[in-house]
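Visitor: how does the following fold in three dimensions:
(chains A and B)
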2 protein chains.
Amino acid sequence: MKPPHRESVLSRAARILQAFSQDEPALTVSEIARRTGLHVATASRLVGELVGHGFLSRDEDRRVRIGVRLWELVVRASPTLSLRDAAMPFMEGVHDVVGHHVQLAVLDGEEVLFLERLSAPRSVINYTRVAGRLPLHASSSGLVLLAHGPAALKDRVLTGELAAYTDATPATPAVLRAVLAEVRRQGYAYCPGYVHDDALGIAAPVRGADGTVAAALSVIVPNDRSAQAIVPVVRTAARGVSRALGAAAAPGTPSA
Amino acid sequence: MKPPHRESVLSRAARILQAFSQDEPALTVSEIARRTGLHVATASRLVGELVGHGFLSRDEDRRVRIGVRLWELVVRASPTLSLRDAAMPFMEGVHDVVGHHVQLAVLDGEEVLFLERLSAPRSVINYTRVAGRLPLHASSSGLVLLAHGPAALKDRVLTGELAAYTDATPATPAVLRAVLAEVRRQGYAYCPGYVHDDALGIAAPVRGADGTVAAALSVIVPNDRSAQAIVPVVRTAARGVSRALGAAAAPGTPSA
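Guide: So this is what the prediction gives:
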């Protein structure tokens, strides 16, 4: 009784949507076929149907993109819109004072997913992007989300591969465990050079109405000692977002 | 040789995605069935498949939302990401100075589609939303996009229904024609009370690398005479975005 046609169309449609990225937002049908492993004729027919339903759109030069109609449907009912709306005024305030990069991130699977980023020209180097991902153990946002995440997730990350981006990345289980304990104890993550030698991340937890950590608010600034002065700015903003989301107390430490 | 199964699955999937909105981002399967006209069993099976592919996700309370994975795919390869990235630093600058609402909009079909909005607490009333729409003839952004849009579009709008939101809305073809001529002549739209008596919109064109108008940058402020002083701020920011997009000259008037 399983309907193979139905499963396969959605599965193929998902593969086609996944072929697009920030670096390659426009593809030809033959590029789509190559990336998805579909026959060109199959890719061509499915792209035609997806264009017909507004999931994709076609340029004058026949290149294909994510459709504005799909963007609209997804963004207007975005699973993270209320979080983003609550955070933006606080993020703008931090960005006015600190400059460089201000970010909002959530846990998704075993990675950090960045929902929003405000950047200034000539800021310090930063690998994050809106709708981009980073591993949990290396980024300040990831360490906040992991420190307050489920025990099973911590176990998986601590026993998995811990890539060392720099000499400072917490890339052994023992070091990562100590960093996570420190993040919980002090109420924020302070990460000099963990992802790039020149950059320093500071992240603080954003709590939802139920008191659990729903997101991380972070800044990326140049890696020098003056960054310490930014910690209270980030913590204050993260508590402001938490209150806007309805979190009762926003405790500074788990025991408070 | 037409594959009816394939067409119908994508068409139904599109209908299901369209059932969600900013006001109702989470729905039960029976609500989805009601909104789409699908049988509950069909809706249930399709929702299951869409959840399986990350298009939708299911809460602990069994309510269904747009999936974070779909959000990620669509936003990271967003058809408007480069426009939004170019505009955000300028929009933040305007927002610092003007407060209230700063917006970025594009033409989609016969409507304005809002890509981004920065708002402040206690701002003047504003009907726009991110990924929301307004008709072209009533909003300052729409008037800029229509004034610089294709002649065929102008004809359709001028001969179509022109809803009057207030006594000030340009809701007759003669008045709208005069307003559009003025927008082209002066290089911006100035719209006191067109959508709501208390609000005033100011919009200026953003030009892409090919020199055509790609978007409108706008502010919504209280409807009083002090708004006139904001016009140069909006025009300067819109030209800044145009230059960031690679527009050569950003002329003040079409004849320049």
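Visitor: how is chain A carved up into domains?
Guide: A:4-75, A:81-244 (automatic domain parsing).
Visitor: average model confidence for the first one?
Guide: Domain A:4-75 shows an average pLDDT of 89 in the prediction.
Visitor: that one and chain B, are they touching?
Guide: Yes. Using CB under 8 Å from any CB of the partner chain, domain A:4-75 reaches chain B at A:5-7, A:9-11, A:13-14, A:17-18, A:20-22, A:24-25, A:45-46, A:49-50, A:53-55, A:57, A:65-75. Where you see a C-beta, it was placed from the backbone N, CA and C, and this is true even at glycine.
Visitor: cool, and the longest one?
Guide: Yes. When contact is scored as CB under 8 Å from any CB, part of domain A:81-244 falls within range of chain B: A:81, A:88-89, A:92, A:95-96, A:106, A:108, A:113, A:118-121, A:129-132.
Visitor: now the residues of domain A:4-75 next to chain B: which count as buried?
Guide: A:6, A:9-10, A:13-14, A:17-18, A:20, A:22, A:25, A:46, A:49-50, A:53-55, A:57, A:65-75 (16 or more other CB atoms under 10 Å in any protein chain shown).
Visitor: just those residues: which are in helices?
Guide: Assigned to helices by DSSP state H, the following of these qualify: A:6, A:9-10, A:13-14, A:17-18, A:46, A:49-50, A:68-75.
Visitor: that older thread, and of the domains of chain A, who's closest to residue B:30?
Guide: domain A:4-75 (20.6 Å; CB to CB).
Visitor: now do stretch A:55-75: distance from first to last residue.
Guide: 13 Å (CA to CA, to the nearest Å).
Visitor: which one of the domains of chain A lies closest to residue B:211?
Guide: If you check each of the domains of chain A against residue B:211 by CB to CB, domain A:4-75 wins as the nearest, at 16.1 Å.
Visitor: so how far is the closest one from its chain's centroid?
Guide: Taking CA atoms, centre = their mean, to the nearest Å, the mean C-alpha location of domain A:4-75 is offset from the chain mean by 23 Å.
Visitor: and the longest helix seen in chain A with helix A:68-76, angle?
Guide: What stands out as the longest helix in chain A, according to DSSP H, is helix A:81-98. Counting by axes from the mean of the first three to the mean of the last three CA atoms, to 10 degrees, helix A:81-98 lies at 80 degrees to helix A:68-76.
Visitor: and helix A:81-98, what does it pack onto?
Guide: Secondary-structure packing of helix A:81-98 (3 or more CB pairs under 8 Å, 6 or more residues apart in numbering or on different chains; DSSP states H and E): strand A:101-108, strand A:111-119, strand A:213-222, helix A:231-244, helix B:81-98, strand B:111-119.
Visitor: could you rerun that using 10 Å?
Guide: For helix A:81-98, the packing partners by 3 or more CB pairs under 10 Å, 6 or more residues apart in numbering or on different chains; DSSP states H and E come out as strand A:101-108, strand A:111-119, strand A:199-207, strand A:213-222, helix A:231-244, helix B:81-98, strand B:111-119.
Visitor: any idea which of these is most buried?
Guide: Mean neighbour count, computed with mean count of other CB atoms under 10 Å in any protein chain shown, is highest for strand A:199-207 among the helices and strands packed on helix A:81-98, reaching a mean of 28.
Visitor: now it: mean pLDDT?
Guide: Here the average pLDDT along strand A:199-207 is 97.
Visitor: what angle separates it from strand A:213-222?
Guide: Computed by the same axes, to 10 degrees, the angle separating strand A:199-207 from strand A:213-222 equals 160 degrees.
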